[in-house]
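Colleague: Mind looking at a prediction? Sequence and model below.
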Amino acid sequence: MSSQLLSTSEGATLILTLSNPEHRNALGPEMYAAGVEALNVAESSADIRSVVITGEGGVFSAGGNLQRLQNNRQMPPEHQAQSIEGLHNWIEAIRAFPKPVLAAVEGPAAGAGFSLALACDLIIAARNSVFVMAYSNIALSPDGGASWSLTRSLPRQLATELLMLGERIGAEKLHDLGVVNRVCEPGQALGTALTLAEQLNKRAPNALTSIKELLSEADAAALNKQLALERDHFVKNLHHVNGGIGINAFLNKEKPQFE
């Protein structure tokens, strides 16, 4: 069976499931393209307010398919470059997606699978799940934004250790380091992620979009630029219909129903 990305929904949450059980949900070009397309559709759908990415069968993703990579060594370098561009298009689509994206991790998240989880806004992981940047173990360097994500999440020395030594790190350790948001019991990652997604779904979509955009800009922005962005977003959201709904609900001690 070839790799595929399964798409289902629960309430206002789109669930994208990495499905390649024969190769422990190894990623491939079909998944990359399907992932970009699914996010494009979800972005324009008012019925979808969040996305959860998970893996089939108690495994998140083993990363790249090594047999496919071995075969690609017989092809012109441009062939592999094109494949990586597909992955990177998906990573960029997740980062730019205006709604929350959550990773629900069971089992291993290796190589590009780890990179994919890091691209998400929130990571929920089973207590016994393991993460590994396995690239250097097979004489490769990272892709999928791993070096970008890790150097923004961890001290440089620890990011260097994970990438150069290729050792496993557990969900609880990553939780202690602030990379994993929630740790749950094995088999509960998707359910926990959906519960968290439902909490997000009840909040004003425009406010969450602004927060995601502000966080994305904050890494590179000078303080005066970030302050200006915060001002502009705040004013826009205050005058959004949801601003009135939220303030009125708070003043009247009611639960808001955002549009």
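Modeller: Looks like it came in fine.
Colleague: Chain neighbours aside, what residue packs nearest to residue 184?
Modeller: Distances taken as Cβ to Cβ, 6 or more residues apart in numbering place residue 192 nearest to residue 184, at 4.3 Å, with adjacent residues excluded. (C-beta placed from N, C-alpha, C; glycine too.)
Colleague: Which helix or which strand is home to that neighbour?
Modeller: Residue 192 belongs to helix 189-201 when assigned by DSSP states H and E.
Colleague: Does anything pack onto that helix? Which helices or strands?
Modeller: Helices and strands touching helix 189-201, by 3 or more Cβ pairs under 8 Å, 6 or more residues apart in numbering; DSSP states H and E, are strand 13-19, strand 50-55, strand 101-105, strand 122-126, strand 182-184.
Colleague: tell me the contacts of residue 159?
Modeller: Each residue near residue 159 by Cβ atoms under 8 Å, 6 or more residues apart in numbering is listed here: 147, 150-151, 153.
Colleague: change it to 6 Å
Modeller: With contact set as Cβ atoms under 6 Å, 6 or more residues apart in numbering, residue 159 has these partners: 150-151.
Colleague: How about the secondary structure of it?
Modeller: When classified by DSSP: H, G, I helix; E, B strand; the rest coil, residue 159 comes out as helix.
Colleague: Now do it against residue 150, distance only.
Modeller: Residue 159 sits 4 Å away from residue 150, taking Cβ to Cβ, to the nearest Å as the criterion.
Colleague: likewise residue 135?
Modeller: For residue 135, the distance to residue 150 equals 12 Å [Cβ to Cβ].
Colleague: Please apply the same query to residue 185.
Modeller: Taken as Cβ to Cβ, the span from residue 185 to residue 150 is 27 Å.
Colleague: What of residue 10?
Modeller: 31 Å.
Colleague: Can you pick out the residue with more neighbours from the two?
Modeller: Counted by other Cβ atoms under 10 Å, residue 10 and residue 150 do not tie: residue 150 has more neighbours, with 23 against 13.
Colleague: so how far is the helix or strand harbouring that one off the chain centroid?
Modeller: Here residue 150, judged by DSSP H and E, is contained in helix 146-153. The chain centre lies 13 Å from the centre of helix 146-153; the measure is Cα atoms, centre = their mean, to the nearest Å.
Colleague: Now do it: everything it contacts.
Modeller: 115, 118, 133, 159, 179.
Colleague: got a winner among those residues for most neighbours?
Modeller: Using other Cβ under 10 Å as the neighbour test, the contacts of helix 146-153 are led by residue 133, with 29 neighbours.
Colleague: and that residue, what is it in contact with?
Modeller: 114, 146, 162-163, 166.
Colleague: Which one of these sits in the busiest neighbourhood?
Modeller: When neighbours are counted by other Cβ under 10 Å, residue 114 leads these with 30 neighbours.
Colleague: re earlier: which pLDDT value goes with the residue nearest to residue 184?
Modeller: Model confidence at residue 192, given as pLDDT, is 98.
Colleague: Let me see the confidence value for the residue nearest in space to the middle of the chain.
Modeller: Using Cα atoms, centre = their mean, the residue of the chain that lies closest to the mean C-alpha position is residue 120, 1.7 Å off. Per-residue pLDDT puts residue 120 at 98.
Colleague: same deal with the one 4 residues further on?
Modeller: Turning to residue 124, the model gives it a pLDDT of 98.
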